[in-house]
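Asker: Here is a sequence with its predicted model. Questions after.
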Amino acid sequence: MTGPAARPGGRPVSVVLAGGGTGGHIEPMLALADALRRRDPAPRITCLGTERGMETRLVPARGYDLRLIPPVPLPRRPTPDLLRVPGRVRRAVAETHALLTELAADVVVGFGGYVALPAYLAAKRAGVPVVVHEQNALPGLANRVGARVAARVAVTVPGTPLHRGEHVGMPLRSAITTLDRAATRPAARAQFGLDADRPTLLVFGGSQGAASLNRAAVAAADALTAAGVQVLHARGPKNTDVTVPPRPAGSAPYVVVDYLERMDLAYAAADLALCRSGAVTVAELSAVGLAAAFVPLPIGNGEQRRNALPVVEAGGGLLVDDADLSPAWIEATLVPLLTDPAALAGYAAHAAAAGVPDADERLADIVLEVATGDG
């Protein structure tokens, strides 16, 4: 670790974090904030966000100061709204520049998205050094711009095409990085009403669920439970039509919940996950050593497939296209795996080997080195 998080004269280092918008930006930002707060002395931490993002709820709930700047969403295709973008950028950069001056910022750390872009430009104008963290295997526009002015660039996925990127991993919550799955498994399974000793499949599609995963898993319920495999399935809070009839007495349970507040317990309960391959999901699963069948989101620029590939190529998971996911595929591929303890153990070991559980501390070291002029 780096030395104390203080400037000459004893003033705490002032760190400004820009990662609002979606959970994929906010979660690593908050994990870094937690790692910085554990330093002695702790730096002053300020998060930037907009009034329309999830950060208005998540950042204060974690005990961090949140300052709001104007959002600068970029249209995905040419529209009359595109003509308003330069004016919005100028306004957001001006307001962010004033904030950086007020906060006496020593470093700006950006995680991409529409909050990070004005933060990078304002930092350059103010002469404040920048650290960029990219979560996905394919970087977005904001981080491609930020990387060109940054002192250091950290990436989650090896080989991410970003200027001067260094592999650091994904900063994750300590509840995930300190999880002992084996020790927590009995209590976790009891918490969800699962049997203590059955192989367990975890199905989830993010905070809102995923229709294709829901359909395939529910349709495969009989094949799974008949083979002795129990299921913990997070369907998404709006998907109340996703149900599974009660299993016969003595059968493996199939438990459907709207949402998983405690992902650490869900990971501890499971032997295998069936899920999307968002950057945070892939990083969490590998950090805890839980193998997965990844079903990349079939829209966008293919980043979810690229996110999962390093873990899959390391032998820590499977990859199936959304169009190919079916009850028959689950029965033919996942049931034999779930009922083979040796194969599951091998996948789990390879998943763990691909993980980076201390990425939050690694990134904190980089941030403080840059803030104090040592990086």
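Answerer: Great, that's in hand.

Asker: So which helix or strand of this protein has the lowest pLDDT on average?
Answerer: Counting by mean pLDDT, DSSP states H and E, the weakest-scoring helix or strand in the chain turns out to be helix 85-103, with a mean of 88.

Asker: what number of residues lie near Pro12?
Answerer: For Pro12, the count of nearby residues is 17 (other CB atoms under 10 Å). In this view, the C-beta of every residue, glycine as well, is placed from N, C-alpha and C.

Asker: beta partners of it?
Answerer: Beta bridges link Pro12 to Ala6, judged by DSSP bridges.

Asker: on that earlier part again, pull the CA atoms of whichever helix or strand comes after the least confident helix or strand of the chain into PDB?
Answerer: Downstream of helix 85-103, the first helix or strand assigned by DSSP states H and E is strand 107-110. C-alpha atoms of strand 107-110 as PDB (Å, rounded to 0.1, in the frame of the first residue of the first chain):
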ATOM      1  CA  VAL A 107      -7.200  13.800  -8.100                       C
ATOM      2  CA  VAL A 108     -10.300  13.000 -10.200                       C
ATOM      3  CA  VAL A 109     -11.200   9.300 -10.600                       C
ATOM      4  CA  GLY A 110     -13.600   8.500 -13.400                       C
END
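
Asker: strand partners of strand 107-110, parallel vs antiparallel please.
Answerer: strand 14-18 (parallel), strand 130-134 (parallel).

Asker: Kindly reformat these as a markdown table containing mean pLDDT.
Answerer: Formatted as a markdown table, these follow (pLDDT from 0 to 100):
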| stretch | mean pLDDT |
| --- | --- |
| strand 14-18 | 97 |
| strand 130-134 | 97 |
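
Asker: Same list as before, these that is, but in CSV and with distance to Arg306 and mean neighbour count included.
Answerer: Compiled in CSV, those are given as follows (distance: least, CB to CB, whole Å; neighbours: other CB atoms under 10 Å):
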stretch, distance to Arg306, mean neighbour count
strand 14-18, 24, 28
strand 130-134, 12, 29
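
Asker: What does the pLDDT read for the most centrally placed residue in the chain?
Answerer: Nearest to the mean C-alpha position of the chain, by CA atoms, centre = their mean, lies Val280 at 2.0 Å. Here the pLDDT value assigned to Val280 is 93.

Asker: now the host helix or strand of it and strand 130-134, what's the angle there?
Answerer: Take DSSP H and E as the rule and Val280 turns out to sit in helix 279-288. For helix 279-288 against strand 130-134, the angle by axes from the mean of the first three to the mean of the last three CA atoms, to 10 degrees is 80 degrees.

Asker: Remind me what helix 279-288 packs against, helices and strands.
Answerer: helix 23-37, helix 174-177, helix 263-269, strand 272-275, strand 292-294, helix 303-313, helix 341-354 (3 or more CB pairs under 8 Å, 6 or more residues apart in numbering; DSSP states H and E).

Asker: With Thr200 as the reference, name the closest of those.
Answerer: helix 263-269 (5.7 Å; CB to CB).
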